[in-house]
Structures are given as C-alpha cells and as structure tokens.
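Chemist: Provided below are the primary sequence and the corresponding predicted coordinates.
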Amino acid sequence: MNTSTPKPVHSTPALRVLILLGIQVLGFQCVAIDGGASELTWSLRTFGGGPVESCADAKVSKVRLCWNAVDSGVTGCRPGSFRDFDCQDQTGVTLFEIEPGRTAFFVEPICEDAQPARVGTYQVPPKIVRMVREGEVVSLESLLITITDQPENCGQECTCVRE
C-alpha cells in the first residue's frame, strides 16, 4: 500500500494557455476573445545579483503587466490596460483582451500597500514591443525584476518601503 502524499500539480503559463485555447476550441462560451493575450514569467533578484527569497520579505505583493498601442503616444500604465499577478506565482497570463496591433508591454512591482514601487528603486527590462493578433497569445519570455530585498536596512532607497 502506497502511503506517500501525492505531490501537488503546478500549472505553467503554457498549460494555462492550452486550457484557455481548449475551452475556445470546444465551443464553451467561458472565454471572451476580444483581442490577443499575453503570458510572462519573472524572477526577482537583488541589485547585488542574488535571488530574492520571498516576495513578502521584500514587501512586493504583485507584478503588474501594462500595455499600450505603440502609436498611441501613451507612456504609462493606464486604466483597463494592465493586469496584476501575485508576485510569488512568478507567472501570469492575461485574458484575450489586448487590442490587436503593435503593442508595448512593461512590468512594475506593486507593493503591499497596493501602490507601484517608487521609480528609481527597482529595475525592469525596457518596454517590449510585440505584434498582438486576435485570438493569439504573445510571449514576453522570462523577465528579470531587480529590487532591494532587505527593507529594514535601506531606508528611502528600498523598493517597497514607505516612510
């Protein structure tokens, strides 16, 4: 008799996309296709290059993915054009909601107080431009987010410390 505890099954971005697409192909009306979708993964590192052991220890609760049409002239994260993902998940997939066309994507850490981290206290990749197509998923690959990980030791330079 096997008495071992079953191991949990973890979903990956690719698995999530396959499930969403499978629902669409089977004709279920659960997923609205009103544009394209995006998937990404991320990892947190310190400015010294070491891994960040815990999002909670760094006081980062979410990673926000923002997008804007390249020709829109908009540079920031605007209402209706972003999604927040739990930081500790290290992955996220949007709904099929991104307007088709050349689109600039960028990420930012969101602190435990639900506010974006202060500019200059973190580093993220520059905007990533992808062609979004109706009903398709664009991959942003794996992104590196560099933050301070010891809020008790860095004062105002910390990524998610509010004083």
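Modeler: Looks like it arrived, so ask away. Numbers count the residues shown, from 1 in each chain.

Chemist: Where does pLDDT dip in the chain?
Modeler: Across the chain, the ranges flagged by pLDDT under 70 are 1-32, 149-156, 162-163.

Chemist: Helices along that one, start to end?
Modeler: 13-25 (DSSP state H).

Chemist: how about the strands in it?
Modeler: Under the criterion DSSP state E, the chain contains strands at 37-46, 60-69, 82-86, 91-93, 101-111, 128-132, 137-147.

Chemist: Test my guess that F82 contacts V63.
Modeler: No - in this structure, F82 is not within contact of V63 by CB atoms under 8 Å, at 10.6 Å. (C-beta placed from N, C-alpha, C; glycine too.)

Chemist: the more surrounded of those two?
Modeler: Higher neighbour count among F82 and V63: V63, with 27 against 19, using other CB atoms under 10 Å.

Chemist: what's stretch 54-61 in contact with?
Modeler: 44, 52, 86-88, 109-112, 114, 117, 147-151, 158-161 (CB atoms under 8 Å, 6 or more residues apart in numbering).

Chemist: Generate a PyMOL selection restricted to the buried subset of those.
Modeler: The PyMOL selection below is limited to those of these classed as buried (16 or more other CB atoms under 10 Å):
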select buried, resi 44+52+87+109+110+111+117+147+148+149+151+158+159+160+161
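
Chemist: give me the beta-bridge partners of P109?
Modeler: V63 (DSSP bridges).

Chemist: so who does it touch?
Modeler: 60, 62-64, 87, 116-117, 122, 124, 145, 147, 159-160.

Chemist: Please identify the buried residues of stretch 44-62?
Modeler: Those would be L44, T46, V52, C55, A58, K59, V60, S61, K62, for stretch 44-62 by 16+ other CB under 10 Å.

Chemist: just curious, which of the residues you listed is nearest to A104?
Modeler: Using CB to CB, K62 is the member of the buried residues of stretch 44-62 that lies nearest A104, at 20.1 Å.
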